[in-house]
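S.K.: Sequence and predicted structure, then a few things I'm wondering about:
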Amino acid sequence: MVGRSNVIALPKSARWLEECLGAEITLKLCDRLGGSRLHIPKDPSPSSRLVLAIGMIAARKLCAEYYGDTVVLPSKQAVQAAQRRHDVRVAVNEGHMPVNEAAVHFGISIRHVRRLSK
């Protein structure tokens, strides 16, 4: 049976973060601070929310690229929905599951499975 894929799928609103930090660190940031507004400082302090969420190295990388900006991070739910959309597409389009089975497996309607697998 197909479950979650090994690919990290992120919402479109997180692409800029992914390009800067990579998928795994972006996922960690959205998991810990997703849905919140975050000011990107020029130089992050060791006790800042950003550093505590992703570590000093990643925080400095983000600050070097986007300092001065205030951003709204994609919510944890948005990240989970993007992953589920990806997993449904893979399951159905690569022939791992028929539409009916995918609907039951992912807990969504057949109509939604068909919409996602286009």
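M.R.: The structure has been received and is ready for your questions.
S.K.: Just the element for the residue nearest to Ser109 when sequence neighbours are not counted, please.
M.R.: Nearest non-adjacent residue to Ser109, counting by Cβ to Cβ, 6 or more residues apart in numbering: Ala103, 6.0 Å away. C-betas here are computed from N, CA, C, even on glycine. Element membership for Ala103 (DSSP states H and E) is helix 99-106.
S.K.: which other helices and strands contact that helix?
M.R.: Applying 3 or more Cβ pairs under 8 Å, 6 or more residues apart in numbering; DSSP states H and E, one finds that helix 99-106 contacts helix 76-93, helix 110-116.
S.K.: now the shortest one, how far from the centre of its chain.
M.R.: Remark: helix 110-116 is offset 21 Å from the chain centroid, using Cα atoms, centre = their mean, to the nearest Å.
S.K.: Now do the buried residues in the least confident helix or strand in the chain by mean pLDDT.
M.R.: Least confident helix or strand, the chain: helix 76-93 with a mean of 90, by mean pLDDT, DSSP states H and E. Residues of helix 76-93 classed as buried: 78-79, 82-92 (neighbour count, 16 or more other Cβ atoms under 10 Å).
S.K.: again with stretch 32-48
M.R.: For stretch 32-48, a neighbour-count test (16+ other Cβ under 10 Å) marks 33-34, 38, 40-41, 44, 48 as buried.
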